[in-house]
Structures are given as structure tokens and as C-alpha cells.
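In: build the 3D model from these lines:
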Amino acid sequence: MSNTRLDRSLFMLLIYANRGSKKPPAATTVFFGANDAALAGRTSERQHVPVEEYKDNLRRIVHHLKEASVYGEKAMEQPERTNEMSGVDASQCVELARELGLPSINLWAKMQETEGWQKKFFSDGLHPTAFPP
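Out: Numbers count the residues shown, from 1 in each chain. As a prediction, this is how the structure comes out:
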């Protein structure tokens, strides 16, 4: 299980573990929101993160990534969520990027434009499908 609330701590640990590194990441993909968008009052409610907290967590993660040179990745369980709620989180991420003066691409919106996007882009409904080279 992973969401922005839980992974903020992971990013803090990585910052302190890698302070002084001379080679920061050239690019970073922040791919959060599916678990945060889990619906309150359902079986996966423990993964739910309110929209304003999600945005604040993203702000902190971006700040941490700017300071860290190495970062980790965690496996996620598939929560109950709706596509619409994921879209709300995606728009918050784009809004935050704009506020911070960072470039962003709203992949959620782009995927919605593709017929059959659920099976084309996500093999299990949550995690990105691996594309051949």
C-alpha cells in the first residue's frame, strides 16, 4: 500500500541518506494519485487522502525530490477508486506544477482521449503497462 501520505516519509529518509550526492536526477516522474483517490467510506478507505492533503503531499514530495539525488519505488495495492477521482487528483498535480513553475503533462487527461485506454495503458487497471522498446 502506498499513497502520498505514506511516501512523504520515504522521501525524507532518502534526502538524509543521500545528502551530498554530486549527481541529482536529470528527470523525475511523480506518479501518485490512484491510491490517494480511493473512496472514503469503502473497504480501501485507509488509502484515501483528501484532495487538499494530496496536493500538499505532492508539494512536499517535489520539494524533497529537488533536494534528493536518489529515490525509491514501492509496490502498490490496487484500491477502490473512480476514474473521476483520479482526474481530480491529476488536475491538482498539474495546478501545483503550475504554481511551482514546473513543466507537467496531464497523462490522465491524455489517456482519456484514447479509446480502450484502460487496457492499453494499464495491464492491471492501476500500474502502467510495459511497452516494448
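In: could you dump stretch 52-62 to CSV, C-alpha only?
Out: The C-alpha trace of stretch 52-62 is given here as CSV (Å, rounded to 0.1, in the frame of the first residue of the first chain):
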residue,chain,number,x,y,z
GLU,A,52,-6.1,19.3,-0.3
GLU,A,53,-3.8,17.0,1.7
TYR,A,54,-2.9,15.2,-1.6
LYS,A,55,-1.8,18.5,-3.1
ASP,A,56,0.2,19.4,0.0
ASN,A,57,1.8,16.0,0.0
LEU,A,58,2.8,16.4,-3.7
ARG,A,59,4.3,19.8,-2.9
ARG,A,60,6.4,18.3,-0.2
ILE,A,61,7.5,15.4,-2.4
VAL,A,62,8.5,17.8,-5.2
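In: list the buried residues in that stretch.
Out: Across stretch 52-62, burial judged by 16 or more other C-beta atoms under 10 Å covers Tyr54, Lys55, Asp56, Asn57, Leu58, Ile61, Val62. Where C-beta positions appear, they are placed from N, C-alpha and C, glycine not excepted.
In: would you check that the last one makes contact with Leu96?
Out: Yes: the pair Val62 / Leu96 is scored as a contact, 7.3 Å apart, by C-beta atoms under 8 Å.
In: now, which of the buried residues of stretch 52-62 sits nearest Leu102?
Out: Val62 (7.1 Å; C-beta to C-beta).
In: for Ala38, what are phi and psi?
Out: phi -50, psi 140 (degrees, to the nearest 10).
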